[in-house]
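Participant: what follows is a predicted protein model with its sequence.
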Amino acid sequence: MAYCSLKVLFGVVLYAFAFQHCYADANSTLIVNAASNNATARQIPNTFLGVFVEEINHAGAGGLWAELVINRGFEAGGPNNALNVYNWSIIGDESSISVSISRTSCFERNKAALQMEVYCGAHKPCPYGVGISNPGYWGMNIEQGKRYKVVYHVKSERKFDFQLSFTGVDVIKVASSRRHVYGDGKWKRVETIVEAKTTNHYSSLQITTTREGSYLLDQVSVMPLDTYMGHGFRNDLFQMVADLKPKFLRFPGGCYVEGNYLRNRFQWKDTIGPWEERPGHLGDVWNYWSDDGIGFFEYLLLAEDLGALPIWVFNAGFGLNDEIDTSSIESYVQDALDGIEFARGSPTSQWGSVRAAMGHPTPFDLRYVAVGNENCWQTYFNYQGNYLKFYEAIKAAYPDIQIISNCDASRKPLNHPADLFDFHTYPSSNDMFSLFTKFDNTSRSGPKAFVSEYAVKSDAANGNLLAAVAEAAFLIGLEKNSDIVEMVSYAPLFLNINDKRWIPDAIVFDSYQVYGTPSYWVQKLFIESSGATFIDSTLSTTSSNKLAASVIIWQDSSDKKNYLRIKAVNFGAAAESLDIDLSGLDSNVQQYGSTITVLTSTNVMDENSFLEPKKVVPQTSPLEIDDKHLIVLLPSYSVISLDFLI
């Protein structure tokens with residue numbers, strides 16, 4: 001038997017073997033049961049697909065957070081640092097200038113400041129100026145016509161003139177500004193707006209003077225004025241996340257929450273308030289300093305800007321190498337309660353008033369918290385003892401808060417109460433495909449699953465097609481089990497190409513460029529699944545065990561039209577023909593208005609890059625539909641999405 005039921009009308013040219021008008025008998029069959037009396041149809045949770053942002057790979061500092069100065073407070077190295085001016089360099093020779101760290105700053109929580117002694121300018125001229133330079137995070141992106149707010153704090157006994165310049169690698173000034181200030185031995189805050197005359201993506205900031213004297217400098221900041229809504233988020237990176245339409249945002253880690261040692265854990269109270277007063281800390285797991293410009297408040301604001309629910313992961317009394325005994329955990333429990341109050345308390349409450357003073361009197365919509373990160377896996381820790389202390393205290397104060405346990409309940413029930421359980425996996429591509437059935441036999445009586453970290457790792461290279469196809473099959477399996485799987489997010493989300501602490505990742509960037517890996521584009525194929533109706537289907541095959549498929553009905557928010565979406569994955573090395581039977585549909589499939597989208601490439605190891613950012617991306621073409629019975633060919637290592645207007 002042969003069918004001629006699907007036609008490409010125009011547009012994108014698919015691979016020659018990806019689609020043809022007619023096929024004889026298919027290798028595999030997908031029967032869709034979308035009748036009104038189908039009792040297996042159910043709604044996928046509205047929270048299904050979200051994102052996880054961790055300070056890893058300079059995702060925030062030097063990435064999403066748009067601050068251009070690295071080590072802006074001269075605090076890198078911690079409170080015992082007396083000599084290191086890491087990242088900053090000196091302009092001038094030893095006979096003209098010397099610098100050191102002085103612990104006499106006006107900021108009580110940031111006592112380190114830069115002591116700059118200028119010897120030229122009186123008896124010895126400084127014709128070109130001497131001073132200091134900051135390279136930013138592998139270069140500052142300064143673009144023609146754009147404006148940048150420069151802030152610094154300075155103390156001097158005499159009049160001084162500082163020249164601010166942004167210079168490129170060719171030492172050509174991209175932008176500059178001079179300020180004359182009378183010194184009186186007191187700290188002064190100096191702010192200026194600089195407009196770029198030309199573009200250099202790898203510029204550096206220079207602060208120079210031609211006057212002899214002794215100067216203290218601290219808290220030097222350069223922020224573009226065109227961040228997202230003025231909230232400090234780099235526009236292009238924010239948009240990449242927003243395009244995923246995330247329903248939740250998990251933050252701030254990951255191992256970043258714990259630290260190798262508890263002294264270096266993320267402490268939310270140190271990350272709120274004026275940026276000049278944030279002490280920063282060493283993220284010792286990923287081994288770099290964070291000024292904590294993107295802190296607890298900013299993460300909550302990011303979730304709100306994305307229209308996503310915040311999911312706060314707080315420290316449960318564990319570093320990777322140390323712990324707090326359950327008998328001494330009360331201060332950590334109170335810290336978590338204070339954090340919840342900061343997020344959602346009234347503007348007259350103790351911590352809600354701090355949030356209000358930061359410009360957000362309205363509470364954030366915090367409904368979920370996670371007690372620690374991956375601590376249940378560390379069997380030498382008493383995770384359950386600590387967890388129960390947090391659980392009891394939070395439920396007593398906020399009974400509506402959904403509490404997430406680290407312990408895996410995918411194979412056996414938990415032995416403690418929880419609203420959700422966390423599941424992480426970073427397998428090979430073959431193992432990821434096999435996880436398609438991971439939650440098929442999970443008990444439906446226990447807490448639901450939060451798959452908060454998943455990605456192919458061992459054979460994904462920098463993020464290739466092979467990994468993306470396997471991950472698509474895994475996501476199809478999660479759709480099928482969305483009665484027990486509440487939420488899912490890929491990890492890690494961001495990679496600054498200059499700091500490959502962990503690969504692969506979904507979004508890759510440098511100072512001015514960004515692209516999505518194939519895994520990012522797979523996530524985009526699933527964004528309509530959140531809140532959609534899952535439809536029962538039966539997939540049978542005579543030739544391959546490398547296929548996966550699912551069916552949903554979703555409504556386009558822009559045109560309010562309903563679509564039936566079939567996603568099919570072929571993780572095999574050979575093309576497979578798939579017979580799709582839609583005869584069980586109550587609704588009619590419209591002849592026009594349908595599309596076919598294909599994600600594949602000529603080589604399974606293909607990746608995207610700055611030179612070829614769209615080498616592996618979904619390709620979409622319109623379709624003409626003749627009837628409810630059709631056959632399509634699934635290329636080897638491909639993901640296909642068919643959207644039928646109904």
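Facilitator: Now that the structure is in, tell me what you want to look at.
Participant: what does stretch 77-96 contact?
Facilitator: With contacts defined as C-beta atoms under 8 Å, 6 or more residues apart in numbering, stretch 77-96 is touched by 70-71, 74-76, 97, 99-101, 103, 111-112, 114, 118-120, 124, 126, 129-135, 206, 208, 282, 289. Where C-beta positions appear, they are placed from N, C-alpha and C, glycine not excepted.
Participant: next one: stretch 100-116
Facilitator: Contacts of stretch 100-116 with the rest of the structure, by C-beta under 8 Å, 6+ apart, involve 73-75, 79, 81-85, 88, 97-99, 131-132, 153, 155, 187, 214-219, 270, 276-280.
Participant: could you pull out the helices for the protein?
Facilitator: 235-242, 255-258, 296-306, 330-344, 350-357, 383-397, 429-434, 465-480, 518-524 (DSSP state H).
Participant: export those helices to JSON lines and tack on distance to Tyr592?
Facilitator: Below are these laid out as JSON lines (distance: least, C-beta to C-beta, whole Å):
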{"stretch": "helix 235-242", "distance to Tyr592": "30"}
{"stretch": "helix 255-258", "distance to Tyr592": "50"}
{"stretch": "helix 296-306", "distance to Tyr592": "34"}
{"stretch": "helix 330-344", "distance to Tyr592": "48"}
{"stretch": "helix 350-357", "distance to Tyr592": "51"}
{"stretch": "helix 383-397", "distance to Tyr592": "53"}
{"stretch": "helix 429-434", "distance to Tyr592": "35"}
{"stretch": "helix 465-480", "distance to Tyr592": "27"}
{"stretch": "helix 518-524", "distance to Tyr592": "24"}
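Participant: deepest in the core, which of the ones you listed is it.
Facilitator: helix 465-480 (a mean of 27; mean count of other C-beta atoms under 10 Å).
Participant: for the record, mean pLDDT for that helix?
Facilitator: Mean per-residue pLDDT for helix 465-480: 98.
Participant: so how far is it from its chain's centroid?
Facilitator: The chain centroid and the centroid of helix 465-480 are separated by 19 Å under C-alpha atoms, centre = their mean, to the nearest Å.
Participant: can you name every helix or strand that that helix contacts?
Facilitator: Contacts defined by 3 or more C-beta pairs under 8 Å, 6 or more residues apart in numbering; DSSP states H and E place helix 465-480 against helix 429-434, strand 448-454, strand 485-488, helix 518-524, strand 547-555, strand 562-570, strand 594-599, strand 638-645.
Participant: quick one: strands adjacent to the last one?
Facilitator: For strand 638-645, sheet partners with direction are given as strand 562-570 (antiparallel), strand 594-599 (antiparallel), following DSSP bridges.
Participant: I'd like these as CSV, with mean pLDDT and mean neighbour count appended.
Facilitator: Shown next, in CSV, are the strands paired with strand 638-645 (pLDDT from 0 to 100; neighbours: other C-beta atoms under 10 Å):
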stretch, mean pLDDT, mean neighbour count
strand 562-570, 95, 23
strand 594-599, 95, 21
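Participant: how about those in a markdown table, adding distance to Asp483?
Facilitator: Formatted as a markdown table, those follow (distance: least, C-beta to C-beta, whole Å):
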| stretch | distance to Asp483 |
| --- | --- |
| strand 562-570 | 18 |
| strand 594-599 | 26 |
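Participant: how about the ones you listed, which one is nearest Leu64?
Facilitator: Nearest of the strands paired with strand 638-645 to Leu64, taken as C-beta to C-beta: strand 594-599 at 25.7 Å.
Participant: in PDB, list the C-alpha atoms belonging to the closest one.
Facilitator: These are the backbone C-alpha positions of strand 594-599, laid out as PDB (Å, rounded to 0.1, in the frame of the first residue of the first chain):
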ATOM      1  CA  SER A 594       0.200  22.900   9.200                       C
ATOM      2  CA  THR A 595       4.000  22.700   9.400                       C
ATOM      3  CA  ILE A 596       6.800  20.200   9.600                       C
ATOM      4  CA  THR A 597      10.000  21.000  11.500                       C
ATOM      5  CA  VAL A 598      13.200  19.000  11.300                       C
ATOM      6  CA  LEU A 599      16.300  19.100  13.400                       C
END
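Participant: re earlier: tell me which of the helices and strands packed on helix 465-480 lies nearest to Phe162.
Facilitator: Nearest of these (C-beta to C-beta): helix 518-524, 42.6 Å.
Participant: what helices and strands are in contact with that closest one?
Facilitator: Secondary-structure packing of helix 518-524 (3+ C-beta pairs under 8 Å, 6+ apart): helix 465-480, strand 594-599.
Participant: in CSV: the ones you listed, plus distance to Ile56.
Facilitator: CSV is the format used below for the helices and strands packed on helix 518-524 (distance: least, C-beta to C-beta, whole Å):
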stretch, distance to Ile56
helix 465-480, 18
strand 594-599, 26
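Participant: and for Glu358, nearest residue in space, chain neighbours not counted?
Facilitator: Quick fix: residue 358 is Met, not Glu. In space, Met358 comes closest to Phe297 once its chain neighbours are excluded; the distance is 5.6 Å by C-beta to C-beta, 6 or more residues apart in numbering.
Participant: span of stretch 628-646 from start to end?
Facilitator: One end of stretch 628-646 to the other measures 11 Å (C-alpha to C-alpha, to the nearest Å).
Participant: what comes up buried for that stretch?
Facilitator: By neighbour count on 16 or more other C-beta atoms under 10 Å, the buried set for stretch 628-646 is 628, 630-646.
Participant: and the longest strand for the protein?
Facilitator: strand 213-224 (DSSP state E).
Participant: paired strands for that one, with orientation please.
Facilitator: Strand 213-224 pairs in its sheet with strand 113-118 (antiparallel), strand 147-156 (antiparallel), by DSSP bridges.
Participant: tell me which of the ones you listed lies nearest to Ile404.
Facilitator: strand 147-156 (38.5 Å).
Participant: can I have that closest one written out in CSV, keeping just the CAs?
Facilitator: Output in CSV follows, covering the C-alpha atoms of strand 147-156 (Å, rounded to 0.1, in the frame of the first residue of the first chain):
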residue,chain,number,x,y,z
ARG,A,147,26.2,54.9,26.6
TYR,A,148,27.8,53.5,29.7
LYS,A,149,27.6,54.6,33.3
VAL,A,150,30.9,54.7,35.0
VAL,A,151,31.0,54.9,38.8
TYR,A,152,34.0,55.0,41.1
HIS,A,153,34.8,56.1,44.7
VAL,A,154,37.9,58.1,45.4
LYS,A,155,39.7,59.7,48.3
SER,A,156,42.4,62.3,47.9
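Participant: distance from the chain centre to it, please.
Facilitator: Counting by C-alpha atoms, centre = their mean, strand 147-156 is centred 30 Å from the centre of its parent chain.
Participant: rounded mean pLDDT for that strand, please.
Facilitator: The pLDDT scores in strand 147-156 average 94.
Participant: same thing with stretch 71-88?
Facilitator: Here stretch 71-88 scores 80 as its mean pLDDT.
Participant: from what I can see Leu306 touches Pro246, true?
Facilitator: Yes. When contacts are counted by C-beta atoms under 8 Å, Leu306 is listed as touching Pro246 (5.7 Å).
Participant: overlap of the contact sets of the two?
Facilitator: Both Leu306 and Pro246 are in contact with Val51, where contact means C-beta under 8 Å, 6+ apart.
Participant: quick revisit: so which of the helices and strands packed on helix 465-480 is nearest Ser609?
Facilitator: Within the helices and strands packed on helix 465-480, the stretch nearest Ser609 is helix 518-524; the backing value is 11.5 Å (C-beta to C-beta).
Participant: CA atoms only: put the closest one into PDB for me.
Facilitator: C-alpha atoms of helix 518-524 as PDB (Å, rounded to 0.1, in the frame of the first residue of the first chain):
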ATOM      1  CA  PRO A 518      21.600  21.900  19.300                       C
ATOM      2  CA  SER A 519      20.400  21.100  22.900                       C
ATOM      3  CA  TYR A 520      19.100  24.600  23.200                       C
ATOM      4  CA  TRP A 521      17.100  24.200  19.900                       C
ATOM      5  CA  VAL A 522      15.600  20.900  21.200                       C
ATOM      6  CA  GLN A 523      14.300  22.700  24.200                       C
ATOM      7  CA  LYS A 524      12.600  25.200  21.900                       C
END
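Participant: in the stretch 51-200 of the chain, which spans are strands?
Facilitator: Ranges of strands in the stretch 51-200 of the chain, per DSSP state E, counting those that start in this stretch, are 51-52, 89-91, 97-102, 113-118, 130-134, 140-142, 147-156, 160-167, 173-181, 187-195, 200-209.
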